[in-house]
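In: got a predicted structure here, sequence first:
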Amino acid sequence: MKGEELLKIEYTHQFRLPLEAVWNGMQDEEVLRKAIPGCQTFSHIQENLYHAEMGISVGPVKGLFTCQVRQEDQQEPAFYRLVVKGKGGPGEIDAVAEMKLAAAGEGTELQCTAEVQVTGLLASVGQRVMNGVAKLVIGQFFKAAEKEMGQMFSHS
C-alpha cells in the first residue's frame, strides 16, 4: 500500500545502573515524562496506559504527535512490550517494541526490538531516513532515562 512504510528497528543500550533500578525507572511516570524527547504532556490514563504529546523536529520530520503508550506482558524485571499509537501533522505512527532487560556486569543491558508502521509524510521520507530518525529519538530517550534513573537511584 502506498503511503505506508514498515520499519524494523533494533537498539541496545547499556545502563550503568543495576537491573532493578532500570526496571523501576522504565515504569516510573516522572522518568518517562522527562526522558521522552520533545515531551510536552505525559499523563497516566489507567494502569499501564499513558497519554503523551511530543514535538519532534529531526530533519524532514517535524510536528506535534499525540500518542497513546501502553505497557503489556510485563515480566518483572526482564521483559515488557510497549505499544505506541501516535498521530500528528506528518502522519501516523503505530509501533510495537519488545524490551528485554538483563544484568550485564554491574549494569543492565536493554535490548529494544521494534516494528514501526508509519504513514503520511513520515512514510514518504523513506525508510533509511526514518530508521535514522527513529534510532536517534530512541537513543535520546534512553540516555535521558538513564540520567533520570541515576538521580532517582542515588536518592533512594
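Out: Ah, there it is.
In: any chance you could list what contacts the helix or strand containing residue 41?
Out: Here residue 41 is covered by strand 39-46, with elements defined by DSSP states H and E. Strand 39-46 is contacted from outside by 29, 32-33, 36, 50-55, 64, 68, using CB atoms under 8 Å, 6 or more residues apart in numbering. To be clear about C-beta, it is placed using only N, CA and C from the backbone, and glycine gets the same treatment.
In: who does that strand pair up with?
Out: Strand 39-46 pairs in its sheet with strand 49-58 (antiparallel), by DSSP bridges.
In: how about low-confidence regions in the chain?
Out: In the predicted model, the chain carries pLDDT under 70 at residues 1-2, 156.
In: can you map out the helices along it?
Out: Along the chain, counting by DSSP state H, helices occupy 19-26, 29-35, 121-124, 127-155.
In: residue 93 bridge partners, please.
Out: Beta-bridge partners of residue 93, counted by DSSP bridges, are residue 86, residue 118.
In: that one and residue 84, how far apart?
Out: 7 Å (CB to CB, to the nearest Å).
In: joint contacts of these two?
Out: residue 67.
In: circling back: could the helices of the chain be laid out in TSV, adding distance to residue 7?
Out: Converted to TSV, the helices of the chain look like this (distance: least, CB to CB, whole Å):
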stretch	distance to residue 7
helix 19-26	22
helix 29-35	21
helix 121-124	10
helix 127-155	6
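In: perfect, I'm done here.
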